[in-house]
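Student: Sequence first, then the predicted structure, then my questions.
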Amino acid sequence: MSLVQHVIKLWSKRVGAFWLDSLSALTLYRRISSNEMEKLSDNEVGEVIKRLKYSRDRRDRKTCRGINTQWRRVYWSIKEELIVFNRRAIEVLPRTTHLSRLSAFNIDLNDSHLECIGKSCPYLQTLDLTMLEQARSTHTTDDGLEPFGDRGLVAVADGCRELRDVSLRWRQRVGDIGVSALAHSCHKLVELDLGHCNRITDESLKAISQLQVLKNLYLQNCRLVTNSGVSYLANGSTSKSLRM
């Protein structure tokens, strides 16, 4: 019996064949010596972690990251979705992840946080950075830095070129430079929400008009956009498929 089979057998004995009950990863760690644990290959560690998605207790997967450096690295290498509830989760992202979906809904982020996303998430496809309307007037970061704007968005555009769905709703420091960078670098964009980004002008729409697969564009309350900007969209690459 291989070591990974031994690990799986121990776990299954406690929680059943489909691993639907909770079991702390540390319980497993205590049952197997650290020397034995280190013999597991990355693929074997990945198989164990993947099975944890069937656990009812999310703490199982979280605790798995703390077993050792290898488990933490493999955990991030196979994780595909991350919902952020505080900025700290962005700050501790490893150098490279395989995340395809990241949500930081209503989270105060600055340019440094977006630069971290750009460096760590080359496979990202969905990025939700929506802010709530009622939070916009008090939107300040605890570290005294301004909320993210064009600099951070340029970093995301440069590092996350697989993006397909991006929401920047109510991120009011986003302007033409950041949006143009997204349009020039992220050619696979299908949906882009710029609602209430009131620094957006016709220049952003000129860049967006070159996106060939864009289907949904949201521009609610973008007051600096004029008929000239809309004409860019009407005559650009997106004209046949775009919905606004």
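Tutor: Structure received. Residues are numbered from 1 along each chain as shown.
Student: And the helices in the chain, which stretches?
Tutor: In the chain, the helices defined using DSSP state H lie at 3-15, 25-31, 34-37, 42-51, 59-64, 69-78, 88-91, 111-120, 150-159, 176-185, 202-208, 227-235.
Student: any low-confidence regions in the protein?
Tutor: Applying pLDDT under 70 to the chain picks out residues 1-37, 51-67, 134-143, 239-244.
Student: Please name the nearest non-neighbouring residue to the residue nearest the centre of it.
Tutor: For the chain, the residue whose C-alpha lies nearest the mean C-alpha position (C-alpha atoms, centre = their mean) is Leu102; its distance is 2.1 Å. On the basis of C-beta to C-beta, 6 or more residues apart in numbering, the spatially nearest residue to Leu102 that is not a chain neighbour turns out to be Leu82, at 5.1 Å. C-betas here are computed from N, CA, C, even on glycine.
Student: Spit out the contact partners of that neighbour.
Tutor: Shown here is Leu82, whose contacts under the criterion C-beta atoms under 8 Å, 6 or more residues apart in numbering are 89, 99, 101-103.
Student: Nearest to Thr238 among these?
Tutor: Comparing the contacts of Leu82 against Thr238 with C-beta to C-beta picks out Arg101 as the nearest, at 23.6 Å.
Student: residue contacts, Gly149?
Tutor: For Gly149, counting by C-beta under 8 Å, 6+ apart, the contacting residues are 111, 173-175, 178.
Student: who wins for neighbours among these?
Tutor: Neighbour counts for the contacts of Gly149 peak at Gly178, which has 28 neighbours (criterion: other C-beta atoms under 10 Å).
Student: number of nearby residues for the closest residue to that residue other than its chain neighbours?
Tutor: If the residues on either side of it in the chain are set aside, Gly178 comes closest to Leu153, at 3.0 Å by C-beta to C-beta, 6+ apart. Other residues lying near Leu153 total 26 when counted by other C-beta under 10 Å.
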